[in-house]
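**Q** fold the following.
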Amino acid sequence: MSVWIAVIATGLGCYALKLGGLVTPRRLLDDPRVRRFADLVPVALLTALIAVQAVADGRSLEFDAARLAGLGAAVAALLLRAPFLVVLVAAAGVAAGLRLLGL
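**A** Numbering: from 1, shown residues only. Okay, here's the model as predicted:
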């Protein structure tokens, strides 16, 4: 039963978030501070998710050489302005190659 409570609460929270975006006054959304905040929040959240996936294993930190090298390859490809698919293939290829070598 507690799973259904969590599912219903999450659904209501998502609905409230969407409704909040629809009923927010336009003058508030046009404020430069709000606009800058809305531009930066997705970048910060994505960065946090990448950091957690790169150096965490469950509840502990794990500095895995293959994962960090894959992340480095992705950063290098992004700096070279490679397409997103190339970034993914480079990161996966480097990590897979290092795992194949036993690192």
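
**Q** quick one, strands of this structure?
**A** In the chain, the strands defined using DSSP state E lie at 56-57, 60-61.

**Q** most tightly packed of the ones you listed?
**A** Across those, averaging neighbours per residue (mean count of other C-beta atoms under 10 Å) puts strand 56-57 on top, at a mean of 12. Backbone N, C-alpha and C define where each C-beta goes, glycine included.

**Q** partners of that strand, with directions?
**A** Paired strands of strand 56-57, with direction, are strand 60-61 (antiparallel) (DSSP bridges).

**Q** any chance of the strands of the chain in CSV, plus mean pLDDT?
**A** Converted to CSV, these look like this (pLDDT from 0 to 100):
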stretch, mean pLDDT
strand 56-57, 82
strand 60-61, 83
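
**Q** for the ones you listed, which one sits closest to Ala77?
**A** strand 56-57 (22.8 Å; C-beta to C-beta).

**Q** which residues does the closest one contact?
**A** When contacts are defined by C-beta atoms under 8 Å, 6 or more residues apart in numbering, strand 56-57 is touched by residues 62, 64.

**Q** hmm, back to that, nearest to Leu103, of the strands of the chain?
**A** Nearest of the strands of the chain (C-beta to C-beta): strand 56-57, 16.0 Å.

**Q** what about the longest helix in this structure?
**A** Of all segments of type helix in the chain, defined using DSSP state H, the longest is helix 32-55.

**Q** report the mean confidence score over it.
**A** Averaged across helix 32-55, pLDDT comes to 89.

**Q** I'd like to know which elements that helix is packed against.
**A** Packing partners of helix 32-55 (3 or more C-beta pairs under 8 Å, 6 or more residues apart in numbering; DSSP states H and E): helix 65-79.

**Q** if I look at the residue nearest to the spatial centre of the chain, how far off is Leu101?
**A** With distances taken as C-alpha atoms, centre = their mean, Leu46 lies nearest the centre of the chain, 2.7 Å away. In this view, Leu46 and Leu101 are 29 Å apart by C-beta to C-beta, to the nearest Å.
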